[in-house]
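Enquirer: how would this look folded up:
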Amino acid sequence: MIKFNATMALAAATLALSAAAASAQSLSRAQVQAQLAAAQASGQIAAFDGEDSGSAYLAARFHSSEPRTAVKAEMAQARTDGTLTALDGSDSGSFYLSRHQSLTEPRSLVKSELAAAEKSGQLDALYGEDSGSFELAALRAQPGVRGAVASAH
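Expert: Numbering: from 1, shown residues only. From the prediction side, this is the model:
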């Protein structure tokens, strides 16, 4: 029964994510259902239901576009300048980011966007059980749409 509930929860989450992505891509319900069926048939969905949360599946299919030497050089530089561990502190990197992020928007614009996000409920969506992951993913799928929070690109 527990395995069945976990499978149903995973299917529901997949459908919800597919629906958000589909609305951003203008896919029909039938197209989303076809994508879901294909993912189930290929074993892709089951791969994310294991103990490793899909890490092995992703590792086997991820192909970096950067040469290994470039990645190693970036890692060495990050170790040297302290950015590698900057986000691991007790403040989750807030101090580091506050000192190294340059904002270009005027304060009045940021405050008005914050007020609009509070009014629309978007800001509350960032405090959900998933820490806002679903909301942020949906926003990222919409080109030109800014979220209630700034992100470094």
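Enquirer: from here on, just use CA atoms for contacts and neighbour counts.
Expert: Noted.
Enquirer: how many neighbours does Ser131 have?
Expert: Number of residues near Ser131 (other C-alpha atoms under 10 Å) recorded here: 12.
Enquirer: can you tell me the SS state at it?
Expert: Counting by DSSP: H, G, I helix; E, B strand; the rest coil, the backbone at Ser131 sits in coil.
Enquirer: show me the contacts for the closest residue to it other than its chain neighbours.
Expert: Nearest non-adjacent residue to Ser131, counting by C-alpha to C-alpha, 6 or more residues apart in numbering: Ala125, 8.0 Å away. Applying C-alpha atoms under 8 Å, 6 or more residues apart in numbering, we find Ala125 in contact with Ser131, Gly132, Glu135.
Enquirer: for Tyr96, same thing?
Expert: Contacts of Tyr96 (C-alpha under 8 Å, 6+ apart): Ala86, Leu87.
Enquirer: got phi/psi on it?
Expert: Dihedral pair for Tyr96: phi -60, psi -50, per degrees, to the nearest 10.
Enquirer: I'd like the numbering to begin with 606 instead of 1 from here.
Expert: Noted, 606 is the first residue going forward, which turns the last one into Tyr701.
Enquirer: where does this protein dip in pLDDT?
Expert: 606-630, 745-758 (pLDDT under 70).
Enquirer: run the last query once more with 50
Expert: Low-confidence segments of the chain, defined by pLDDT under 50: 606-611, 755-758.
Enquirer: how about the strands in it?
Expert: Ranges of strands within the chain: none, based on DSSP state E.
Enquirer: how is it carved up into domains?
Expert: 606-668, 707-758 (automatic domain parsing).
Enquirer: distance from the chain centre to the shortest one, please.
Expert: I take that to be domain 707-758. Counting by C-alpha atoms, centre = their mean, to the nearest Å, domain 707-758 is centred 13 Å from the centre of its parent chain.
Enquirer: stretch 647-663 too?
Expert: The answer for stretch 647-663 is 17 Å, by C-alpha atoms, centre = their mean.
Enquirer: all helices of the chain, in order?
Expert: Counting by DSSP state H, the chain has helices at residues 607-630, 634-647, 649-652, 660-666, 673-686, 699-705, 712-725, 727-730, 738-745.
Enquirer: contact partners for Phe653?
Expert: Gly659, Ser660, Tyr662.
Enquirer: with neighbour count added, can I get the residues you listed in JSON lines?
Expert: Below are the contacts of Phe653 laid out as JSON lines (neighbours: other C-alpha atoms under 10 Å):
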{"residue": "Gly659", "neighbour count": "15"}
{"residue": "Ser660", "neighbour count": "13"}
{"residue": "Tyr662", "neighbour count": "16"}
